[in-house]
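K.L.:
Need coordinates for the following:
(chains A and B)
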Protein chains: 2
Amino acid sequence: MNRPSDAAIDALMDELSRGLRADQLSRDPEKLAAYGHDESDTGDFPPQLIVFAERTEDVAFVLRTCQAHGVPVTPVGARSGKSGGSLPLYGGASLSLERMNRILSISTENLTAVCQPGVITGELMRAVEEKGLFYPPDPNSWEFCTLGGNVAENAGGPRALKYGVTRDYVIGLEWVLPSGETIRVGRQTIKGVAGYDLVGLFVGSEGTLGIATEITVQLIPLPRFVKTALLLFADVNAAAKAVTAILHSGILPRTLELLDDVSVAAVDGRGFSFPPGTGAAVLAEVDGNDEEPLFAELARLGEIATQHGATETLLAADGPQRERLWAARRSLSTSLRALKRHKISEDIAVPRARIPEVIAQLKAMGAELGLTVATYGHAGDGNLHANILYDGPHERAKVDTALERMVKLTLAAGGTITGEHGVGYAKRAFITWEQGPKVVALQQQLKALFDPKHLLNPGKIFPG
Amino acid sequence: MNRPSDAAIDALMDELSRGLRADQLSRDPEKLAAYGHDESDTGDFPPQLIVFAERTEDVAFVLRTCQAHGVPVTPVGARSGKSGGSLPLYGGASLSLERMNRILSISTENLTAVCQPGVITGELMRAVEEKGLFYPPDPNSWEFCTLGGNVAENAGGPRALKYGVTRDYVIGLEWVLPSGETIRVGRQTIKGVAGYDLVGLFVGSEGTLGIATEITVQLIPLPRFVKTALLLFADVNAAAKAVTAILHSGILPRTLELLDDVSVAAVDGRGFSFPPGTGAAVLAEVDGNDEEPLFAELARLGEIATQHGATETLLAADGPQRERLWAARRSLSTSLRALKRHKISEDIAVPRARIPEVIAQLKAMGAELGLTVATYGHAGDGNLHANILYDGPHERAKVDTALERMVKLTLAAGGTITGEHGVGYAKRAFITWEQGPKVVALQQQLKALFDPKHLLNPGKIFPG
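P.N.:
Down below sits the predicted model:
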């Protein structure tokens, strides 16, 4: 696919201007540059035009017009994605949903909320919590990412261990197809099995099958109490084994977040100081409607950790201390970036029993290649973020070798190339390694059914 | 589509005999008759041939051969479906998975199990519970239905309120496509977002997109304690309002099963006797790892129920009493059949807030048409089984009127035509009422992509 000519973009602009206000269209070079990158560190791909949709009809109009002009169009939310899903690889138009940012309704009786795609996830969380309800999916970027982006990537987060991921909460969608036709799929009820699960097909389709313009999510009652413990270990292997033992014991915490030695060092002193000799940490949380049993559960969890080599178990005494711990965890991605100029964040997931072995292999690989590998993540569900830190382009070949080896050892352990960030552009070369050519071909047929000209978010998920 | 000629079936038999043993093929008229009906009461559609698959290769061989011969093939499990999903509407072959009934592995470390499709759901439940693990989806037919059938229909059950339905537990599949090609989709990990959610597309596709020959499910730790309460009411409206109030209070029971007056009368005396004047009952269960808070939770729940008109709240004192309550609930479908010769079991779901209003409308409709309507079901998630009881064919026209009105009032309340039984043959005329022609057409295109000749389970889900 070739980048459209300037003349083609001029013609498109002309037609779009007939249905949109001037401030909904931008060709400002600075803005175009900004929309050309995200949090994936995979390069710059500026669009030739940005359109700011304000209602469903705008989205339908833009898709219809881009189809007619044969110009690629790439949906974009907060540009906080980590797999390059919102990068306009072949130019054309970026279609921003950021202005469609209203929570349309919250029903405390039905336990549902209806949102536009540009709603910031954290705003939805706060709005429902004020009403005693709970929207559990909590990507670390929740303060700035959008619900539409979460739906596109099927975002997870620490609480996925107990509560599942975005797909488990989305029950209905208004969906503009690549042709510009608008459909409503799913339901307003908690249960429902009429026809194929089109909602499930859409969630995680990374903006390749259409654009969600209205999202209905189900909510659950907000647990009254949350209790937090920090478990410290001398090394990451002990921590990983403790995680497996805790889950094996019958306790289902809401989070079990692992930090290895590099990660511990990176956040040390940023609101929380680790005792000397700490080589790994696990941030564990349990929740429920009664306070006493939660303390008992954390005590049991601490005992198991101690049996598996925990050097210390600290209970977060109050709200602010808990908030400091989580702030440190959430800032990890940024803190690691401060260590070296460049960072590639991998997002593998392996069967839980393989966590200790895979972490050991990642460390050994880093040592062998002379690269700093920081591993942290949602150890409870086997979703590890292995970060390769490096200084500049001269190390890039080594980094690419490391990435390939990481993918291979993950797949050898029965794992997946992406636990929650999506394939996007960053990992499209690897999906066939995981799924094989037949399954990839079947998905490409599905894509072609929805978007025969491949104009919506081209070049994503599948090998280019 | 026409029923294949006897000659066509002879030719198919010939070719199938080359790859299968004689005892894997049957044209015995008694068996053919038995495979011609299920629990849907929608008529008799005997196949012309039954094939008993014993391994994935058999399934692939049968599908390939049926495609080559242009003979329709309909997968079948335990024939306990309530929407006619396993009925061979146009004859041809029934492909039974009942002999593929082995649990292949249970991993207490990864919290997963791998099963063949013919595994009885109750056997899987018991096998994992022995290891301290929990497979929550619990269709009332769990003692005889199969996991493959549950996957095909995306089966729910009482515990769906807290734990979700079959789709929430299936993470990987071996899937034989209608062409006979075998693929593996999904993952062995808890999290994973590589590519489109083909597993989610398959679950609930009612045997129209292929046949699952191996199913990987995720498990959770088995809660240590379950506590049960029975809440009694003078009438169903009060009960329905209490259900809404309980959920609104922040309590998330694992079940909230509702029985109306007809249902209470039908089970009265069968292991459990209701006090005189009981016009409705709610069976509530909570579970967790600590016993004391569960009693406290049930007490809170009982208080709310009393505030909303409960005449009595009974705590199930011990295991056997609890078992009697559930046995009564599970036998409801059979007990109702004892009242009148025929029964049509509807499976609607409505937004929770609309439950009281919809139940009142159903009762009024029954009274107006002179039909007995028994409503019970999973009131906690709005999934109601409204049963029309009648004496014989002379009442059928009235019953059809009632069914249509029931669907219309459900849709008017924002509900769905099927909460957990599937569309199958029984409700294919109604799916367009719910979803509209565009969404139905899109699904038919999906079906055609997988099965261009429409030979796999033809005539299901979509209008004939």
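K.L.:
My guess is A:H378 contacts A:E257. True?
P.N.:
Yes: A:H378 is within contact range of A:E257, at 6.3 Å (criterion: Cβ atoms under 8 Å). Every residue, glycine included, has its C-beta placed from N, CA and C.
K.L.:
shared neighbours of the two, anything?
P.N.:
Common contacts of A:H378 and A:E257 (Cβ atoms under 8 Å, 6 or more residues apart in numbering or on different chains): A:P158.
K.L.:
check contacts around the closest residue to A:F45 other than its chain neighbours.
P.N.:
The shortest distance from A:F45 to any residue other than its chain neighbours is 4.4 Å, reached at A:L87 (Cβ to Cβ, 6 or more residues apart in numbering or on different chains). The neighbours of A:L87, taking Cβ under 8 Å, 6+ apart as the test, are A:36-38, A:40, A:42-43, A:45, A:74, A:424-425.
K.L.:
Filter these down to just the ones in strands.
P.N.:
Of the contacts of A:L87, the ones assigned to strands by DSSP state E are A:T74.
K.L.:
Which of the contacts of A:L87 sits closest to chain B?
P.N.:
A:G424 (10.2 Å; Cβ to the nearest Cβ).
K.L.:
Go ahead and confirm the closest one touches A:S40.
P.N.:
Yes: when contacts are counted by Cβ under 8 Å, A:G424 is listed as touching A:S40 (6.8 Å).
K.L.:
I'd like the distance between the residue of the stretch 351-464 of chain A found nearest chain B and B:S333.
P.N.:
In the stretch 351-464 of chain A, the residue that lies nearest chain B is A:A353 (3.6 Å; Cβ to the nearest Cβ). Noted for A:A353: a distance of 41 Å to B:S333, by Cβ to Cβ, to the nearest Å.
K.L.:
follow-up on the earlier one: which of the contacts of A:L87 count as buried?
P.N.:
When the contacts of A:L87 are checked for burial by 16 or more other Cβ atoms under 10 Å in any protein chain shown, the buried set is A:36-38, A:40, A:42, A:45, A:74, A:424-425.
K.L.:
So which of those residues belong to helices?
P.N.:
Judged by DSSP state H, helices contain none of the buried ones among the contacts of A:L87.
K.L.:
Kindly present the residues you listed as JSON lines, with separate columns for pLDDT.
P.N.:
Formatted as JSON lines, those follow (pLDDT from 0 to 100):
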{"residue": "A:G36", "pLDDT": "97"}
{"residue": "A:H37", "pLDDT": "94"}
{"residue": "A:D38", "pLDDT": "94"}
{"residue": "A:S40", "pLDDT": "88"}
{"residue": "A:T42", "pLDDT": "86"}
{"residue": "A:F45", "pLDDT": "98"}
{"residue": "A:T74", "pLDDT": "98"}
{"residue": "A:G424", "pLDDT": "97"}
{"residue": "A:Y425", "pLDDT": "96"}
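K.L.:
Identify the bridge partners of A:A310.
P.N.:
A:F233 (DSSP bridges).
K.L.:
so who does the nearest residue to A:A234 once chain neighbours are set aside touch?
P.N.:
Leaving aside its chain neighbours, A:A234 sits nearest to A:G279 (4.8 Å; criterion: Cβ to Cβ, 6+ apart). Each residue near A:G279 by Cβ under 8 Å, 6+ apart is listed here: A:233-236, A:260-261, A:264.
K.L.:
what's the helix or strand for A:L201?
P.N.:
Take DSSP states H and E as the rule and A:L201 turns out to sit in helix A:198-202.
K.L.:
and what of A:I388?
P.N.:
Taking DSSP H and E as the definition, one finds A:I388 inside strand A:383-390.
K.L.:
Neighbouring strands - and their directions - for that strand?
P.N.:
Partners of strand A:383-390 in its sheet, by DSSP bridges: strand A:342-345 (antiparallel), strand A:348-349 (antiparallel), strand A:372-378 (antiparallel).
K.L.:
highest average neighbour count across those?
P.N.:
Ranked by mean neighbour count, the strands paired with strand A:383-390 are led by strand A:348-349 with a mean of 30 (mean count of other Cβ atoms under 10 Å in any protein chain shown).
K.L.:
got the contact list for it?
P.N.:
A:358, A:381-384, A:386, A:406-407, A:410, A:415-420, B:187, B:189-192.
K.L.:
returning to what we had before: may I ask you to confirm that the residue of the stretch 351-464 of chain A closest to chain B is in contact with B:S107?
P.N.:
Yes: contact criterion Cβ under 8 Å: A:A353 and B:S107 qualify, at 6.9 Å.
K.L.:
got any residues that touch both of A:G424 and A:S40?
P.N.:
What both A:G424 and A:S40 touch, as defined by Cβ under 8 Å, 6+ apart, is the set A:81, A:83-84, A:87.
K.L.:
As a markdown table, those residues with distance to A:L219 would be great.
P.N.:
Shown next, in a markdown table, are the shared contacts of A:G424 and A:S40 (distance: Cβ to Cβ, whole Å):
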| residue | distance to A:L219 |
| --- | --- |
| A:G81 | 25 |
| A:S83 | 28 |
| A:G84 | 31 |
| A:L87 | 32 |
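K.L.:
excluding its backbone neighbours, what's nearest A:A242?
P.N.:
Nearest to A:A242 is A:H308, by Cβ to Cβ, 6+ apart, at 3.8 Å.
K.L.:
With B:G70 as the reference, measure out to the one you found.
P.N.:
61 Å.
K.L.:
what about these two, which has more around it?
P.N.:
Just comparing A:H308 and B:G70: by other Cβ atoms under 10 Å in any protein chain shown the higher neighbour count belongs to A:H308, 18 against 12.
K.L.:
From the contacts of strand A:348-349, which land in strands?
P.N.:
A:383-384, A:386.
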